[in-house]
Structure formats: structure tokens, C-alpha cells
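Q: This is a predicted model, with the sequence first.
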Amino acid sequence: MATDTGLLGTVAIVGFPNVGKSTLVNRLTGTRAAVVHETSGVTRDRKELVCEWTGRRFLLVDTGGVDIADETPITRSIAQQAREAVAEADLVLFVVDAKLGITPGDEEVAQILRESHKPILLLANKIDDPRQDSLAFELHKLGLGDPIPISALHGHGAGDLLDEIVRYLESHDAAPREEFPPEAIRVAILGRPNVGKSSLVNALLGRERVIVSEIPGTTRDSIDTVLQRGDRTFVLVDTAGLRRKRKHRQGIEYYSELRALEAAERADVALVLIDSTQGVVEQDLAIADVSRKADCSTLVVLSKWDETTVRIEDVRKRLRRRLRQRPAFIAVSAKSGRGLERLLDTVAELFDRHTARIPTVELNKALAELSEARQPPSRAGKRLNLLYGTQVHERPPRLRIYVNDPGLVTRDYGFWVENELRERFGLDGVPVSIDFVRRS
């Protein structure tokens, strides 16, 4: 039996497109983490979420709709992702739209599940009223056991289903999964559509974990994947492409971009990918600012470097002039593998600075030197005095500098102090926050 450390096991949710899998994920996890829309085929990559019930936790894996009859490349990739999720799972939830009854697509998915020899719970979804439970009877024809009537939308049967999942995982020696350790480096991969985010994730992992397509906007959710390298654990979060004028986006695009912004907010480091074959555009600068506002340490990654003649110094000059955090730059090629090892080394170094503490003695020595280097601002005969400072938060660093009068701190002087401290303590790319407060 799995112990209380880590997760009980892994549960995959599969089914034909638009049967309510992502709605069920959100219901069971009590979140809105999976993108849900009336359009068929919204979920493409598999997405892993931790689900908790009665104090027990397990990994829930949402997958894209499996449609074997559709021969398009992206649909085949979705089906392959679902097969991999089933292969890695301890238990499979097969979701069928009970109102539609058994479709040819359901029968194809059922055959795949039979061949997997995995334990299966057959879920008759969209039974919104207990008086409709009889709709589930037809699903016995699939030969996958007694169907469980549920309504992912309204919650009917959700508690009983969670009881059954936990009971199975505890009684069948499911393989426990370790949760991300506190020292794991969460890395959000941000960028415009089709700049190579998913290709970079797959290249780092050495396998196709997320779907890659030439079609812009292939990634719609934020996909967490663990990469272990030596003694460092990276949690790579591939995200949907961020476009201009986000407030005008609607439907799937809006919610996909919202997930990308949420991914940035829970990350330590953001990789801002720029397609080097297209050069730097204004939206690249806006995305870098998204990273800063989310309190991520930022690293600019020039992707597709093997396909361009752009000089890195030209890019550096422009971005250094426009980006407040002064991030570092690195050129990579997912296709050839160039720069990938150095990229991970740089991410680890940036994370170490992101979580570091500045000794109080050294901080106050720096403040004294800054006061000598540039005369603090004054008003009405009263001059600003930097009295002393201390670091009050880390991951990322937040400093509190006590002064005689916070009203004397001008915007220009505050930015100058921030940049000087960033340079002195090696915090380029790190979102340093400074509170100027009056000494009590």
C-alpha cells in the first residue's frame, strides 16, 4: 500500500472528443485548471493535476479526445499522447456521453483500453439528474464493467467516484508518485504563438511530451513536465502563445492565454522565447514585461538560432535598452540541440539568485556607497537619507530600505538604486522589489 508521503498513484481520464473530460477534471480537482469550451477537441496535450479527497492525494491526467478515424497529424499526436497517459496510469477513467449512447468512436477507445490491460472505471457522463441513471445501462455493451453515472457539470456522483478512486489506489498497490520538492525550479516557457516553445520542451526532455505542429496555437493549456538533471529538479511549463491585444480575444484563445499568465505567476523563472528568424517585435517586449509583473526571474531565449543570421549583440542592445530587469540572453536550437545544456545551467544559476539572501551587512555597505556615489534627492531643503536596509523576502528578493522620508524618493532615484543593487549583487534578470519606508 502507498504510504502517506507523495501521491497515491496516477489516474488518466480518456474518451472521445467533447464527452466532458476536462469538465470532470475541474470538478474532481475543485479548480478551473483545464480549458473547457463547447468546441470539440479543446484539450490536446495531456495535463497533470494533483487531486485531493479525504486527505488522500493522487495525480489526475487529463488527455485530448481520441478519434481514431481522424487521420490528421495533430489528431494522431493527440491520440498518441492519450495512449502514453494510459500506459503510465494505475487506473483509467473512460468517459462516455450517456445522452448520446455508444458511438463508433467510443467503441474504438474501448478497444484501445482493452488492449492496454489497465484497470478501468467506465463513467456515464452528462447524467444531470439521478432519475436519468438508467441512461447508463446501455454502456454495459462496451464490456468494461458496470458504468458509473455522473454529471461532471453539476457534480452528481462526483463524491462516490472519488471514493472509488481512492479505495482502488489504496488497495491495489498503485505506484506512489512523489510531488514536486520545494527546491524544484518552476520554469514557465512564454512567447508568441509558434516561436518554438513546445519544440524546446521536447528537445530538453529528449521525447515528444507536448504536441508540436506548424499550426500556430497548438498548445492551449499550460503543461507541467518534470525534468531531473543531476540533483536539480526542473518543472517545465509549456504555455499557449501570448498574442497582442489580449483583451479582444474570446473563447478558447482567451482561456488558453489566461492559463499561460497563471503559469507565469506560479513560476520561479520564465524563459521568454523570441523567434530569431523574425527578429525582436513589440510583442516580445510585452511578454518579457508579463514575466516581470509575475515576479519571475527572466531569461531571454533566442530560438531557431540555426536558421538565422541575426547577431546576438544586435538583439542584446535593443532588449537591454527596453527591459527593466536586464535579463541575460542565450541562443538555442531545438532541432540541433545547440545551447540546451547551457540553457539549463543558466536557469539553475538564475534560480539560485532568485532564492538567495543578501547579507544585511553587505546591503548596508552598498547603501552607504550609493549615497556617496550620487547625491540623494531633496525637496524644500530636506534631503533623502538612506538609513539602513534588510531583505524581508526571497523567491524573489524583496528589500526594505528605511529612510527619513519616503516622499523624497523620486521615481528616477528609486530605479537607479534598484539597478545599482542588481548589478552589485548579480541580480540581472531577477525581479528585485524595494520598499522605501519611514523609520518608526
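A: The structure has been received and is ready for your questions.

Q: so how far is residue 60 from residue 235?
A: Distance from residue 235 to residue 60, counting by C-beta to C-beta, to the nearest Å: 17 Å. In short, each C-beta sits where N, CA and C put it, glycine included.

Q: Kindly apply the preceding question to residue 120 instead.
A: Note on residue 120: its distance to residue 60, by C-beta to C-beta, is 15 Å.

Q: Poorly predicted segments of the stretch 51-200 of the chain, please.
A: 65-81, 173-180 (pLDDT under 70).

Q: repeat that with 80
A: The model of the stretch 51-200 of the chain has pLDDT under 80 over residues 64-85, 129-135, 172-182.

Q: now the helices for it?
A: Using DSSP state H, counting those that start in this stretch, the helices of the stretch 51-200 of the chain run over 73-88, 104-116, 158-171, 197-205.

Q: I'd like the average pLDDT over stretch 16-36.
A: Stretch 16-36 carries an average pLDDT of 75.

Q: Of residue 235 and residue 60, which one has the most company?
A: Taking neighbours as other C-beta atoms under 10 Å, residue 235 and residue 60 compare with residue 60 leading, 24 against 18.

Q: which residues sit in contact with the residue nearest to the more buried one when sequence neighbours are not counted?
A: With sequence-adjacent residues excluded and distances taken as C-beta to C-beta, 6 or more residues apart in numbering, residue 60 is closest to residue 51, at 4.4 Å. Contact partners of residue 51, counting by C-beta atoms under 8 Å, 6 or more residues apart in numbering, are 11, 28-29, 57-60, 162.

Q: what about residue 51, distance to residue 387?
A: Taking C-beta to C-beta as the measure, residue 51 falls 50 Å from residue 387.

Q: before we move on, the earlier item: which of the contacts of residue 51 fall within strands?
A: Counting by DSSP state E, the part of the contacts of residue 51 found in strands is 11, 57-60.

Q: Which stretches in the stretch 1-150 of the chain count as strands?
A: 10-15, 47-53, 56-62, 91-97, 120-125, 148-149 (DSSP state E, counting those that start in this stretch).

Q: Now tabulate those in TSV and tack on distance to residue 311.
A: Below are the strands of the stretch 1-150 of the chain laid out as TSV (distance: least, C-beta to C-beta, whole Å):
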stretch	distance to residue 311
strand 10-15	47
strand 47-53	39
strand 56-62	43
strand 91-97	52
strand 120-125	55
strand 148-149	61
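
Q: Show me the one of those that comes nearest residue 353.
A: Nearest of the strands of the stretch 1-150 of the chain to residue 353, taken as C-beta to C-beta: strand 47-53 at 28.6 Å.

Q: partners of that closest one, with directions?
A: strand 56-62 (antiparallel) (DSSP bridges).

Q: angle of the partner strand against strand 91-97?
A: 50 degrees (axes from the mean of the first three to the mean of the last three C-alpha atoms, to 10 degrees).

Q: what's strand 56-62 in contact with?
A: With contact meaning C-beta under 8 Å, 6+ apart, strand 56-62 is reached by 7-13, 21-22, 25, 28-29, 34, 43, 46-51, 85, 88-89, 165-166, 169-170, 174, 177, 179.

Q: Which among those residues count as buried?
A: 7-13, 21-22, 25, 28-29, 34, 43, 46-49, 51, 85, 88-89, 165-166, 169, 174, 177 (16 or more other C-beta atoms under 10 Å).

Q: what's the closest non-adjacent residue to residue 184?
A: Once flanking residues are discounted, residue 184 sits nearest to residue 233: 4.3 Å by C-beta to C-beta, 6+ apart.
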